[in-house]
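In: What would the 3D arrangement of this be:
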Amino acid sequence: MNTSLKVRKGGIAVIGDEFFTLSLRLGGAIKHYVLSKNLRRDELRKRVELILSDVSKSAITLLVIQESLREVFREVELPKDVLTIFIPSVGVRAKFDVTEHYLSLIRKYLGISIELR
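Out: A predicted model of the protein is given here:
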């Protein structure tokens with residue numbers, strides 16, 4: 001993975017449904033954006049663009065987005081100076097191995113491998 005992301009100290013922002021954002025706010029996210037997938041496609045895109053504009057103007061360095069919103073975010077340009085990750089919500093735990101998914105995220109974004117026992 002070739003990245004030119006400049007390392008800097010900053011906050012965490014989270015985008016997702018109410019439960020997802022609340023969970024990560026308890027974990028220390030300083031900004032949160034509740035986004036409903038029930039909106040019309042054009043309205044959802046406008047909301048996403050407004051959110052990303054706000055994130056770009058703030059001291060956010062990590063943007064955590066709920067995995068179920070990945071398709072919406074493929075249509076817009078993500079901020080280049082913010083590390084953006086997509087994380088599954090609690091509801092998808094039964095569908096795949098969450099532990100392996102998180103370990104692969106760590107390998108991808110941090111370049112380190114962790115072994116759990």
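In: Show the average pLDDT along the helix or strand hosting Ser104.
Out: Secondary structure assigned from DSSP states H and E places Ser104 in helix 98-110. Per-residue pLDDT values across helix 98-110 average out to 74.
In: Any idea how far that helix is from the middle of the chain?
Out: With C-alpha atoms, centre = their mean, to the nearest Å as the basis, helix 98-110 stands 14 Å off its chain's centre.
In: So which other helices or strands are in contact with that helix?
Out: Counting contacts by 3 or more C-beta pairs under 8 Å, 6 or more residues apart in numbering; DSSP states H and E, helix 98-110 is packed against strand 83-87. Every residue, glycine included, has its C-beta placed from N, CA and C.
In: Only C-alpha atoms, please: export the strand it packs on in CSV.
Out: Taking C-alpha atoms only, strand 83-87 is exported to CSV below (Å, rounded to 0.1, in the frame of the first residue of the first chain):
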residue,chain,number,x,y,z
LEU,A,83,-7.1,8.4,7.3
THR,A,84,-10.5,6.8,6.5
ILE,A,85,-11.5,3.4,7.6
PHE,A,86,-14.7,1.4,7.2
ILE,A,87,-15.8,-0.7,10.2
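In: Okay, buried residues for that strand please.
Out: Leu83, Thr84, Phe86, Ile87 (16 or more other C-beta atoms under 10 Å).
In: Adding pLDDT and distance to Tyr102, write the residues you listed out as JSON lines.
Out: Converted to JSON lines, these look like this (pLDDT from 0 to 100; distance: C-beta to C-beta, whole Å):
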{"residue": "Leu83", "pLDDT": "88", "distance to Tyr102": "15"}
{"residue": "Thr84", "pLDDT": "90", "distance to Tyr102": "16"}
{"residue": "Phe86", "pLDDT": "88", "distance to Tyr102": "12"}
{"residue": "Ile87", "pLDDT": "86", "distance to Tyr102": "8"}
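In: Which single one of those is nearest to Tyr33?
Out: Thr84 (13.1 Å; C-beta to C-beta).
In: Can you tell me the closest non-neighbouring residue to that closest one?
Out: Leaving aside its chain neighbours, Thr84 sits nearest to Leu63 (4.5 Å; criterion: C-beta to C-beta, 6 or more residues apart in numbering).
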